[in-house]
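S.K.: Sequence first, then the predicted structure:
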Amino acid sequence: MIVSLFRASRRKPGPSPFARQALRDRHSRAPSAPDRPKNRVPAFAGMNGKSETRQGFTLIEMLVALSVFSLAAMALLNLSGENTRSASRVETRTFGGIVAENLAVEAATLPSLGEGTASGQVELAGRRWRWTRAVTATDVAGMLRVDVRVSDAEGQAAERTLFRPRNT
């Protein structure tokens, strides 16, 4: 046992003889396919006659990347257009609601309001709004139901309903 410890201590630091042989074999042969870098183009002789390597993307990789980018850009453009249309609808409903509420307040504050239908036009925010007001009797004696509908060129924008006494 003492002899084997002595021999172990006299060993030179570094790889074992088997590891040194494997390193020599590895450096002496050309790299195999798994050892080569993945994104390198095969060597070619340049203008000075020396072998050169080029790195970069292939044409197919560039076309795939461009198509993915174009799909993402189209989706963003579609989303932007939908947001613009949605904002326009919200604006129409908001202004239509303002017109309908103004007409409902007018109907609520009139001293007397008879049953029937009335219609007209009003301008708000640079747009023409058509309105109809339908006044009907309810099951409750002395109460009227007033339905106000407001529309623009695109269609109905708002509707309000209120109840009021027959005469104030």
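M.R.: Sure thing, it's come through. Source: prediction; values computed, not measured.

S.K.: And the strands in the protein, which stretches?
M.R.: Using DSSP state E, the strands found in the chain span residues 40-45, 51-55, 116-124, 127-137, 143-152, 155-165.

S.K.: Let me know which of the ones you listed is tucked in deepest.
M.R.: strand 143-152 (a mean of 19; mean count of other Cβ atoms under 10 Å). Glycine gets a C-beta too; all of them are placed from N, C-alpha and C.

S.K.: Skip the chain neighbours and tell me the closest residue to Arg133.
M.R.: Ala118 (4.8 Å; Cβ to Cβ, 6 or more residues apart in numbering).

S.K.: what's the distance between that neighbour and Ala157?
M.R.: Look at Ala118 and Ala157: by Cβ to Cβ, to the nearest Å, they are 18 Å apart.

S.K.: Lowest average pLDDT across the strands of the chain?
M.R.: Of all those, the minimum mean pLDDT falls on strand 40-45 (a mean of 55).

S.K.: I'd like the strands of the chain laid out as TSV, including distance to Leu103.
M.R.: Formatted as TSV, those follow (distance: least, Cβ to Cβ, whole Å):
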stretch	distance to Leu103
strand 40-45	75
strand 51-55	73
strand 116-124	8
strand 127-137	6
strand 143-152	5
strand 155-165	8
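
S.K.: Nearest approach to Glu82 belongs to which of these?
M.R.: Comparison of the strands of the chain against Glu82 by Cβ to Cβ identifies strand 155-165 as nearest, at 19.0 Å.

S.K.: Return the distance of that closest one from the chain's centre.
M.R.: 36 Å (Cα atoms, centre = their mean, to the nearest Å).

S.K.: now stretch 91-102
M.R.: On Cα atoms, centre = their mean, the centre of stretch 91-102 falls 29 Å from that of its chain.
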